[in-house]
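Participant: Pasted the sequence and its predicted model underneath.
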Amino acid sequence: MTEHTKVDHSSDNLDESMPSTPGPTVLEKSKPRSANMAAKKVECNACPVLCQITGGRTGACDRWGNVEGVLTRVDSVILMRRPVGPPADTALGHEGEAAAHQGAAATGSELVPETDLFVSGVGSGTTYPDYKPAPFIVGSKANGVDMVTVVTEGIFSYCSFKVKIDTDRYLGPEQSNIRHKGEIVGHVTTAEYGSQMLSLGGVHHLTGGSKKEGRITCDVMMALGNKQAVELTIDGGAQLVVQAGKAPIVDGVEEKRMRVGCGSAAIGIFAKQWFGHTDEVVVVDDHITGVLSEHQAGRCLDIRPSGIKMKGRKSTPGRYFQVANPGNGWGGTDITDPLSIIEGFDPEVAWPGLRLLITSTTGEHAEYYELDDALQPQPKAMPEALQKTVERIGENCEPSLASVLFLAGAGGSLRAGVTENPIWLTNSIKQSLVNVTCGGAPAYIWAGGGITVMVDVMRMPDNSFGYVPTPAIVAPIEFSMRLTDYERLGGHMADVQSVADVLARADHRVIDWFDAESPWPIAGRPVLG
Ligand code: SF4
């Protein structure tokens, strides 16, 4: 029979439409460490900084404070409540649940099955390096199987954020430094299809440069992880405002559309729709500029050669590289006049009156021309049928977003908080016996050695990230597995406690599970063995 746990929401201020995590208890920041520690100070041993904290104040990271002489993690640990079904599902035995789902029981107390509560690492606290068991080692049941979740906050020096910016605009040369407040905090990395990629943070900027570089890098990383907007400047490139889940702002202009594909892909997609309405189409793109009549898609439609002569380097028929320099003009190039990439028309092949459409890969730029008697393109009003195809290109562009992934190495000492024999944790993760989550969000585990995790910050609760001034980033991480497997891998069995114990002993907050795409962590992976 499922155990029910009384959850007191009286101070939660739950907002059903916008789940959020709380701010810290307000304490003043403590003065720097002094050799003569006053009697009322407490020493925080949660990280190597060893702050000595006077009463009513917090240490350097604002995470630990001296509350009436007791070292206290000032943020509440966040528990998540499994989503409930529609009101008809009350047969599941969730007392008061239907009402809560409708937002009517946001205050007061209710009974929730323990199996419907997940203790996350957000606000859980830990030591660094880990010299004692993780702060919460929580036993529970899933499908009748005894499970355990080891809950902690990882303190990561080896970590970074990979940022994907959906734009074809030129942000700057690959490998260029990226700065915040003048300090180097990352670099431009390999572009992907329709997106520019940045790598921000990392151990070399956190600890390998000046103190200021480390501090500013840490600030940028924490803000990105906490879904805040960050201003960045790329050497030799653009100024950006980047925020997870929001449209990027490039040189002061909010990006709207992610390109439908490269110029060649666009020709492939729309060739049939252009057929009969124009004689030639050029799709301008910084990567591959497409030319309909030469492209295989045009050949399949028996489109008559137009005699067009393009600038740039011909790759394969109808596909041209480097027609212009990268920039913020048409199709991620620096051109503002589309005719500037056309050298001319072969008089043996072209004919007066030839109809020519030139468009960008987002449809934001498009012009229509007809050749005059001297075979010079003359701008004309775009026929309605062609206008519709340009609008169709725009319709097929997805909204431009900045995506932020946290990438971190959890293969160090934090494993000691989980097990006495850390390699068994590493091996168990590789064998899919352990489900790794960060603030409940599913983490991708990189193949190879160590425990290198990658997680989308948008799937994590707000304000999941903190820092310590070593400097390093603090992030929640949870390891869920069968209790029998935990015992086998040398887990701290004496420290296993129930969800009810956590609720009784720890300052906590309960929020609703808010990412419908994320599987429930304790049942989210088939249990092997
Ligand atoms: S920086 Fe934070 S975690 Fe480290 S000793 Fe100070 S209060 Fe504790």
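Facilitator: Everything's here; your move. All of these numbers come straight from a predicted model, not from anything done at the bench.

Participant: I'd like to know how far L301 sits from S264.
Facilitator: Distance, L301 to S264, by C-beta to C-beta, to the nearest Å: 15 Å. Glycine gets a C-beta too; all of them are placed from N, C-alpha and C.

Participant: what does T58 give?
Facilitator: For T58 relative to S264 (C-beta to C-beta), the value is 57 Å.

Participant: quick one: D507 and L79 touch, right?
Facilitator: No - between D507 and L79 there is no contact under C-beta atoms under 8 Å: 11.3 Å.

Participant: quick one, which of the two is more surrounded?
Facilitator: Higher neighbour count among D507 and L79: L79, with 27 against 14, using other C-beta atoms under 10 Å.

Participant: Run me through the strand neighbours of the helix or strand containing the more buried one, direction for each.
Facilitator: Remark: L79 resides in strand 77-81, with elements defined by DSSP states H and E. Sheet pairing of strand 77-81 (DSSP bridges) gives strand 117-119 (antiparallel), strand 508-512 (parallel).

Participant: Now do the buried residues in the helix or strand hosting D501.
Facilitator: Per DSSP H and E: D501 is located in helix 499-505. By neighbour count with 16 or more other C-beta atoms under 10 Å, helix 499-505 contains the buried residues 499, 502-503.

Participant: circling back to that earlier point, L301 and S264 - which one has more neighbours?
Facilitator: Remark: of L301 and S264, S264 carries more neighbours, 24 against 15, as counted by other C-beta under 10 Å.

Participant: Shouldn't that one be within a helix?
Facilitator: Yes - assigned with DSSP: H, G, I helix; E, B strand; the rest coil, S264 falls within a helix.

Participant: please begin residue numbering at 163 from this point
Facilitator: Taking 163 as the first residue, the last one we looked at is S426.

Participant: can you pull the contacts of it?
Facilitator: When contacts are counted by C-beta atoms under 8 Å, 6 or more residues apart in numbering, S426 is found next to 445, 447, 450, 452, 457, 480-481.

Participant: Now render these as JSON lines, adding neighbour count and secondary structure.
Facilitator: JSON lines is the format used below for those (neighbours: other C-beta atoms under 10 Å; DSSP: H, G, I helix; E, B strand; the rest coil):
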{"residue": "V445", "neighbour count": "32", "secondary structure": "strand"}
{"residue": "D447", "neighbour count": "28", "secondary structure": "coil"}
{"residue": "I450", "neighbour count": "24", "secondary structure": "coil"}
{"residue": "G452", "neighbour count": "28", "secondary structure": "strand"}
{"residue": "H457", "neighbour count": "23", "secondary structure": "coil"}
{"residue": "G480", "neighbour count": "26", "secondary structure": "coil"}
{"residue": "R481", "neighbour count": "23", "secondary structure": "strand"}
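
Participant: Going by distance to the ligand, which of these wins?
Facilitator: D447 (49.1 Å; C-beta to the nearest ligand atom).

Participant: how about that closest one, what does it touch?
Facilitator: By C-beta under 8 Å, 6+ apart, the residues touching D447 are 330, 421, 424-426, 428, 493-495, 522-523.

Participant: again with L463
Facilitator: Per C-beta under 8 Å, 6+ apart, neighbours of L463: 433-434, 437.

Participant: again, but for W675
Facilitator: Counting by C-beta under 8 Å, 6+ apart, W675 has contacts 242-245, 280, 602, 682.

Participant: how about 6 Å then?
Facilitator: 242, 244-245 (C-beta atoms under 6 Å, 6 or more residues apart in numbering).

Participant: Equivalent analysis for V422, please.
Facilitator: V422 makes contacts with 428, 523, 555, 558-559, as judged by C-beta under 6 Å, 6+ apart.

Participant: the helices in the stretch 313-462 of the chain, which residues?
Facilitator: 365-369, 373-387, 425-436, 458-462 (DSSP state H, counting those that start in this stretch).

Participant: top of the contacts of L463 by neighbour count?
Facilitator: Going by other C-beta under 10 Å, A433 tops the contacts of L463 with 21 neighbours.

Participant: ok, that one - contacts?
Facilitator: A459.

Participant: low pLDDT regions in the chain?
Facilitator: Filtered on pLDDT under 70, the chain yields the residue ranges 163-201, 246-272, 686-691.

Participant: what about the residue most central in space within it, which SS state?
Facilitator: In the chain, the centroid-proximal residue (C-alpha atoms, centre = their mean) is V566; its distance is 2.7 Å. On the three-state scheme (three-state DSSP), V566 is labelled strand.

Participant: Show me what it bridges to in the sheet.
Facilitator: Assigned bridge partners for V566, using DSSP bridges, are V325.

Participant: That one and the ligand, how far apart?
Facilitator: 24 Å (C-beta to the nearest ligand atom, to the nearest Å).

Participant: on that earlier part again, just send the helices of the stretch 313-462 of the chain back as a markdown table, with distance to the ligand too.
Facilitator: A markdown table is the format used below for those (distance: least, C-beta to the nearest ligand atom, whole Å):
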| stretch | distance to the ligand |
| --- | --- |
| helix 365-369 | 15 |
| helix 373-387 | 12 |
| helix 425-436 | 50 |
| helix 458-462 | 60 |
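
Participant: Now for the closest residue to T352 other than its chain neighbours, how many residues are close by?
Facilitator: Of all residues not flanking T352 in the chain, M359 sits nearest, at 6.0 Å (C-beta to C-beta, 6 or more residues apart in numbering). Neighbours of M359 under the rule other C-beta under 10 Å: 16.

Participant: what sits opposite M359 in the beta ladder?
Facilitator: Taking DSSP bridges as the rule, M359 bridges to K326, T351.

Participant: residues touching P297, list them.
Facilitator: P297 sits in contact with 286-288, where contact means C-beta under 6 Å, 6+ apart.

Participant: what about 7 Å?
Facilitator: Counting by C-beta atoms under 7 Å, 6 or more residues apart in numbering, P297 touches 286-288, 313-314.

Participant: swap in V313?
Facilitator: 281-283, 286, 296-298, 300, 640.

Participant: and if you look at A296?
Facilitator: 288, 312-314, 579-580.

Participant: quick one: which helix or strand includes the residue lying closest to S660 once chain neighbours are set aside?
Facilitator: Distances taken as C-beta to C-beta, 6+ apart place G301 nearest to S660, at 5.7 Å, with adjacent residues excluded. If you go by DSSP H and E, G301 is part of strand 298-304.

Participant: how big is the angle separating that strand from strand 239-243?
Facilitator: Calculated by axes from the mean of the first three to the mean of the last three C-alpha atoms, to 10 degrees, strand 298-304 forms an angle of 10 degrees with strand 239-243.

Participant: Tell me the strands beside strand 298-304, with direction?
Facilitator: Partners of strand 298-304 in its sheet, by DSSP bridges: strand 307-318 (antiparallel), strand 658-660 (parallel).
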